[in-house]
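**Student:** structure, please.
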Amino acid sequence: DKRWGYFPSGALAWIISEENFLKDYSHIVSYLKLRASIGKTGSQNLGNYDWRTLMGSATYNGAPGIKPSSLGNDILQWESQVQKEIGLDYGFLNNRIYGSIDYYQRHTKDLLNTINVISGTNYSSVITTNIGEMDNKGVEFAINAVPVHTKNWKWTVGMNYTWNDSEITKLNVIDSDANFVQTGAISGTGKTVQVFMVGQRPYTFYLAKQAYDDGGKPIEGQYVQPDGSISATETKYATNKSALPTSYLGFNTQLTYKNWDFAISGHGAFGNYVYNYVAADQYVQSVYSDQGNFSNILRRTKDTGFQNQQLYSDYFLEKGNFFRIDNISLGYTFQKLWNSSSSLRLTFGVQNVATFTSYSGIDPEIYSGIDKEVYPRPRVFSLSANLNF
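**Tutor:** Just a heads-up that it's a prediction; the model follows:
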């Protein structure tokens, strides 16, 4: 019944640097533009048949047949986002310093969720419907500068920073601490370590609070309960720690001298957490095999001393902050080889130079936040030649 969507948008901008009151300061303020926008977008990531009643196999008195298996929801519609944004583009000192600043607010509604329904109102106990809502807000800042620019030398530096905060505000008809969506599968059926929960960021980790002895060593099979007591009950809680970073950083710089050029670029993410399933899946007893041989386990398994698997302990939840130097390159260009338009550029480059992080696993840059099947990023050295004629 809702096959069409209406997604309007609009924007306004004011180039302040063109106004008369700034004309006399053009040598300082090269460019200044204030802009604002608001718009609505829709996602069409719907299930193929969620809107119609589905039939399933059945048996009647030993004879095969069919029966309704789920009631379709014919008022399904697009998930939608309304975003408001205000920004400022700037340039100073003849654009030797330039960049932008943006602040945005985004409200997402009609998120699809499969919820329980009252018995007798449907052919099954659940139905997919548009019910979820989420709020996002953030700041994006970019600055670029040319600190040195002479006949032979040029040095450019650029940096961008993003801060984002997101919160799920609705998931069900009546929301409570018991209503949440489990996600973040680790192994086996029903084993998950993350949730979508009202009042929390998406992909919040849902684990048991590990108990420690006076020396700070984790006590195997003992967890802190909501009332502060310690017992063997594996009571899970929303950790307020998400796989999603709260901020991102990008950096690049380039230095040229005559025909030489040198460049570095990198990026980082902060405020995110990683569940180290590789470590959580191992325990001291797993080194032994019923085949009479030994298995490889992580060296850190000896530090915990866990004799048995402790999959849901928040001991294995680690900060995922990192900064990675992505590329370093050094190049030289030979000009006018046999005519004025011919040139040869030789470049030596390194990719995945170094990663700075406190995370104990192989790589903290994991979108899902669950470290279980990560392939190590290779460090690549390359030598290239580019001939123009």
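
**Student:** CA only for contacts and neighbour counts going forward, please
**Tutor:** OK.

**Student:** ok so residue 17 is a helix residue?
**Tutor:** Yes: according to DSSP: H, G, I helix; E, B strand; the rest coil, residue 17 belongs to a helix.

**Student:** so where does the closest residue to residue 260 other than its chain neighbours fall, helix or strand?
**Tutor:** Using Cα to Cα, 6 or more residues apart in numbering and skipping the chain neighbours, the partner closest in space to residue 260 is residue 332 (4.6 Å). Using DSSP states H and E, residue 332 sits within strand 322-335.

**Student:** ok so, going back, the residue nearest to residue 260 and residue 257 touch, don't they?
**Tutor:** No: using Cα atoms under 8 Å, residue 332 is not in contact with residue 257, being 9.6 Å away.

**Student:** and those two? which has more neighbours close in?
**Tutor:** The residue with more neighbours, out of residue 332 and residue 257, is residue 332; 18 against 14, by other Cα atoms under 10 Å.

**Student:** who touches the more buried one in this structure?
**Tutor:** 259-261, 345-347 (Cα atoms under 8 Å, 6 or more residues apart in numbering).

**Student:** do residue 368 as well
**Tutor:** Taking Cα under 8 Å, 6+ apart, one finds 184, 203, 243 in contact with residue 368.

**Student:** which of the helices or strands spans it?
**Tutor:** Applying DSSP H and E, one finds residue 368 in no helix or strand.

**Student:** how far away is it from residue 329?
**Tutor:** Remark: distance between residue 368 and residue 329 (Cα to Cα, to the nearest Å) = 31 Å.

**Student:** same deal with residue 247?
**Tutor:** From residue 247 over to residue 329 (counting by Cα to Cα), the distance is 27 Å.

**Student:** and what of residue 75?
**Tutor:** 55 Å.

**Student:** residue 105 too?
**Tutor:** In terms of Cα to Cα, residue 105 sits 38 Å off from residue 329.

**Student:** same question, residue 186
**Tutor:** 39 Å.

**Student:** kindly report the same for residue 277.
**Tutor:** 36 Å.

**Student:** so for these two, which sits in the more crowded spot?
**Tutor:** residue 277 (21 against 18).

**Student:** what are the neighbouring residues in contact with residue 209?
**Tutor:** Contacts here follow Cα under 8 Å, 6+ apart; on that basis residue 209 touches 223-225, 235-237, 313-315.

**Student:** please repeat the previous calculation with a cut-off of 6 Å.
**Tutor:** By Cα atoms under 6 Å, 6 or more residues apart in numbering, the contact list for residue 209 reads 223-224, 314.

**Student:** now residue 316
**Tutor:** 275-276 are the contacts of residue 316 under Cα under 6 Å, 6+ apart.

**Student:** check it and give its pLDDT.
**Tutor:** Looking at residue 316, its pLDDT stands at 95.

**Student:** and it, backbone torsions?
**Tutor:** Main-chain dihedrals, residue 316, degrees, to the nearest 10: phi -90, psi 10.

**Student:** list the residues that contact the closest residue to residue 101 other than its chain neighbours.
**Tutor:** Using Cα to Cα, 6+ apart and skipping residues adjacent in sequence, the residue nearest residue 101 is residue 141, 4.6 Å away. Under the criterion of Cα under 6 Å, 6+ apart, the neighbours of residue 141 are 100-101, 160-161.

**Student:** let's see it at 7 Å
**Tutor:** Counting by Cα atoms under 7 Å, 6 or more residues apart in numbering, residue 141 makes contact with 100-102, 160-162.

**Student:** now do residue 133
**Tutor:** 108-111, 168-171.

**Student:** in which helix or strand would I find it?
**Tutor:** strand 126-149.

**Student:** over to residue 7?
**Tutor:** Using DSSP H and E, no helix or strand contains residue 7.

**Student:** can you check residue 240 too?
**Tutor:** Assigned by DSSP H and E, residue 240 falls in strand 236-242.

**Student:** which residues in this structure form helices?
**Tutor:** Secondary structure of the chain (DSSP state H): helices at 20-23, 277-280, 301-304.

**Student:** could you identify which of the ones you listed is most buried?
**Tutor:** Using mean count of other Cα atoms under 10 Å, the stretch among these with the largest mean neighbour count is helix 277-280, at a mean of 20.

**Student:** residue 358 and residue 323: what is the separation?
**Tutor:** 10 Å.

**Student:** likewise for residue 366?
**Tutor:** Taking Cα to Cα, one finds residue 366 at 13 Å from residue 323.

**Student:** what sits against the residue nearest the centre of the chain?
**Tutor:** For the chain, the residue sitting closest to the mean C-alpha position, by Cα atoms, centre = their mean, is residue 244 at 4.4 Å. By Cα under 7 Å, 6+ apart, the residues touching residue 244 are residue 272.

**Student:** pLDDT at it, what is it?
**Tutor:** Model confidence at residue 244 (pLDDT) stands at 95.
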